[in-house]
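Asks: Need the 3D shape of this:
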Amino acid sequence: MPTRHLHAPFVVVGGGLGGTAAAVTAARLGVRTVLTESSDWLGGQLTSQGVPPDEHEWIDRQAISPSYTELRERIRDHYRREYPLSSIARSTVALNPGAGFVSRLCHEPRVAHLAVREMTSPLEASGLLTVLTEHDPIAVRRVTGGRILDVVLVDRRTGDEVVLHGGLVADATELGDLLELGGIDHVVGSESSLETGELHAPEVADPLDQQAVTWCAALELRLGEHHVVDRPASYDRFRTTVPTFWPGSQLSWTDIEPITLERRERPIFAGRPEDAVENDDLDLWHYRRILSRRMMADDWAGHDVTLVNWPQVDYWDSPLVGPGVTAADQQRALAEARELTLSFVHWIQTEAPRSDGGSGYPELMLRGDVLGTADGLAKAVYVRESRRIRALFTVTEAHIGREMRGEGAGSELFDDSVGIGFYRIDLHPSTSGRSYVDIDCYPFQIPLGALIPRDVPNLVAANKNIGSTHITNGAYRLHPVEWSIGEAAGALAAFCTAGSHEPAAAHADARLLADYRRLLSDRLGIALAWSEEIRTRGSRSEAVTTAR
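Replies: All right, here's what the predicted structure looks like:
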């Protein structure tokens, strides 16, 4: 088996939003970087996993992360350049191509992939960035003192091995793969309340208590046509199984309101499908619609497309990682997650009660091309929870939770903040049989200490694998926060490379930390703190502080 060796000051393994942000930031700051990704698309949850961005209310009005804003505007500009938008849509500054209400920017994952590659392209041309897609990490070799010597990957297409030698390594994989491969101290699943002191943590730790994963799909509304998929082998199982924490079969319109845990009925269409093109009822169709017919000119030949990432396709039967979970177990769980989604699609097309009478919506067609596939499903499963480093600092519910901190107290202020973010603490049903945990928190900061492991001098975390808990991961796992984590890791790589510093030293030395944070705020324009009004109330405000 041929082996290729690559050397670079910065190696990023995992090309999701965090990994891409880390690589782009470091390369733009002049550091030669190698970025690897298991899929053939960069962008992770935004692209290969197929999930439109879940974002906070200030995302279009605040200068939080210029590079994340750039990514969002590149997506919008693609639609303005290449699509026959209506005159109203074309003149809308905050263009939302899908007019979905889960995000201010619902769009096709395919377009996000193109926008990401626009950002990497000039860096690749310059030689500052090397991108290796369809490469899986298979080994991490460490030396005395814990440093990572190299990372070994295998090319999915050829079977050839690639050995990456980096001064600094970022684990930006979706499941924290380097932590397991390198024997790096980490936690998985839920910690106990005794360990973390968190109000909503369970009494007993459970490493197999992990959020459900979801294999997303895209559906197009083609009125008067018939596009029913084959009945999956597991259809009857999913049709009849009723989890103890769920109000019925997942193949139904019945689910649970995440905050109150009350039973609810929410159909795919509130009325006739033909009316869905024009109205904005808060049904499943409009929830994550990624392409809207009414945003286009009258002579456009296309149709509405929505993204299926709904409670009915959350797969919680088995975890993907953790003690006792073998590679075969993981592959079986992934196959079952796909079967669940295909079963739900088949149920919608054949048996689902129609709001306008009758059963089944055969006029719904899987659109794999918007996800880069031929089978209608996303390239990869949507991962909500990863292995997490034992970090220099761990963010807990006591730092951001509204109930634990008290009304008006705001989130904890961190002297080592490297970015900001906001999302509710949103935990989907888990593989341990727990229902939703969805609680309020304050807009928060990202502390540098959470990106640095205790036991590896030249590793940084750049995805959902930072020093958060099972609880706080629910707030730190979404698109803009993951990007900001990666962005901070990339800037840290540049700072440490230029000054021959270790990440832990840059964190511990007050002078170095101040210099690094000035790089973030002054040169990169990254906001390091919310305004007091937003931090303490979570209310709308125009002001964001960028210097603290």
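Asks: show me where pLDDT drops low in this structure?
Replies: Along the chain, segments meeting pLDDT under 70 span 1, 278-281, 539-548.
Asks: my guess is L168 meets A493, correct?
Replies: Yes - taking Cβ atoms under 8 Å as the definition, L168 is a contact partner of A493 at 4.8 Å. All C-beta atoms are positioned from the backbone trio N, CA, C, and that covers glycine.
Asks: who's more crowded, the two?
Replies: Residue environment comparison for L168 versus A493 gives the larger neighbour count to A493, 31 against 27, counting by other Cβ atoms under 10 Å.
Asks: Next, give phi and psi for the more buried one.
Replies: phi -60, psi -40 (degrees, to the nearest 10).
Asks: got the contact list for the spatially most central residue of the chain?
Replies: To find the centre residue of the chain, average its C-alpha atoms and take the closest one (Cα atoms, centre = their mean): that gives Q45, at 4.1 Å. Each residue near Q45 by Cβ atoms under 8 Å, 6 or more residues apart in numbering is listed here: 16-17, 51, 382-383, 479, 482.
Asks: closest to V325 among the residues you listed?
Replies: Taking Cβ to Cβ as the measure, V325 sits nearest to V383 out of those, at 14.0 Å.
Asks: re earlier: gap between the residue nearest to the centre of the chain and D440?
Replies: In this view, Q45 and D440 are 23 Å apart by Cβ to Cβ, to the nearest Å.
Asks: ok, back up a step: list residues touching both of L168 and A493?
Replies: Listed as contacting both L168 and A493 by Cβ under 8 Å, 6+ apart are 9-10, 460.
Asks: Show me where the stretch 351-500 of the chain has its helices.
Replies: Secondary structure of the stretch 351-500 of the chain (DSSP state H, counting those that start in this stretch): helices at 397-400, 402-405, 473-476, 479-499.
Asks: Of all those helices, which one is nearest A63?
Replies: helix 479-499 (12.7 Å).
Asks: contact partners of the next helix-or-strand element following the closest one?
Replies: Secondary structure here is assigned by DSSP states H and E; on that basis, the next helix or strand after helix 479-499 toward the C-terminus is helix 503-508. Under the criterion Cβ under 8 Å, 6+ apart, residues 168, 392, 416, 448-449, 451-452, 457-460, 492, 495-496, 512-513, 516 lie in contact with helix 503-508.
Asks: swap in stretch 248-265?
Replies: Contacts of stretch 248-265 with the rest of the structure, by Cβ under 8 Å, 6+ apart, involve 235, 238-243, 246-247, 266-268, 310-314, 340, 343-344, 347, 351-353, 426, 435-436, 438-439.
Asks: got it, and stretch 67-86?
Replies: For stretch 67-86, the surrounding residues in contact (Cβ under 8 Å, 6+ apart) are 21, 24-25, 53, 59, 63, 90, 95, 97, 105, 107, 111-112, 114-116, 118-119, 294-300, 480, 483-484, 487, 524.
Asks: domain assignment for this structure?
Replies: The chain is divided into the following domains under automatic domain parsing: 3-192+384-545, 213-371.
Asks: how about these in CSV, adding distance to L377?
Replies: CSV is the format used below for these (distance: least, Cβ to Cβ, whole Å):
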stretch, distance to L377
domain 3-192+384-545, 8
domain 213-371, 5
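Asks: which of the ones you listed is buried the deepest?
Replies: Among the domains of the chain, domain 3-192+384-545 has the highest mean neighbour count (mean count of other Cβ atoms under 10 Å), at a mean of 21.
Asks: Distance from the chain centre to that domain, please.
Replies: The chain centre lies 9 Å from the centre of domain 3-192+384-545; the measure is Cα atoms, centre = their mean, to the nearest Å.
Asks: One more: stretch 210-226?
Replies: For stretch 210-226 - counting by Cα atoms, centre = their mean - the centre lies 18 Å from the chain centre.
Asks: Begin at 359, not 1, for the rest of this chat.
Replies: In the new count, where the first residue is 359, that last one comes out as stretch 568-584.
Asks: just the CA coordinates of that stretch, formatted as CSV?
Replies: Output of stretch 568-584 as CSV, limited to C-alpha atoms (Å, rounded to 0.1, in the frame of the first residue of the first chain):
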residue,chain,number,x,y,z
GLN,A,568,-25.9,10.6,23.6
GLN,A,569,-28.2,12.8,21.5
ALA,A,570,-30.1,11.2,18.6
VAL,A,571,-28.5,11.5,15.2
THR,A,572,-30.5,12.2,12.0
TRP,A,573,-30.1,11.2,8.4
CYS,A,574,-31.6,14.1,6.6
ALA,A,575,-33.4,14.0,3.2
ALA,A,576,-34.7,16.5,0.7
LEU,A,577,-38.3,16.4,-0.7
GLU,A,578,-39.6,18.3,-3.7
LEU,A,579,-43.3,19.0,-4.2
ARG,A,580,-44.3,17.9,-7.7
LEU,A,581,-48.1,18.3,-7.9
GLY,A,582,-49.9,15.6,-9.9
GLU,A,583,-46.9,13.2,-10.1
HIS,A,584,-46.1,9.9,-8.4
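Asks: Can you tell me what sits against the biggest helix by length in the chain?
Replies: The single longest helix within the chain, with elements called by DSSP state H, is helix 685-708. Under the criterion Cβ under 8 Å, 6+ apart, residues 571-575, 577, 585-593, 596-597, 608-609, 626, 666, 670-671, 673, 675-679, 717-720, 722, 724, 734-735, 739 lie in contact with helix 685-708.
Asks: Keep only those of the residues you listed that are in strands.
Replies: When DSSP state E is applied, the contacts of helix 685-708 are split such that 571-572, 575, 577, 666, 673, 722, 724 fall in strands.
Asks: Turn those residues into JSON lines, columns for distance to A693.
Replies: Output for the ones in strands among the contacts of helix 685-708, formatted as JSON lines (distance: Cβ to Cβ, whole Å):
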{"residue": "V571", "distance to A693": "12"}
{"residue": "T572", "distance to A693": "14"}
{"residue": "A575", "distance to A693": "15"}
{"residue": "L577", "distance to A693": "21"}
{"residue": "V666", "distance to A693": "18"}
{"residue": "Y673", "distance to A693": "10"}
{"residue": "L722", "distance to A693": "23"}
{"residue": "L724", "distance to A693": "18"}
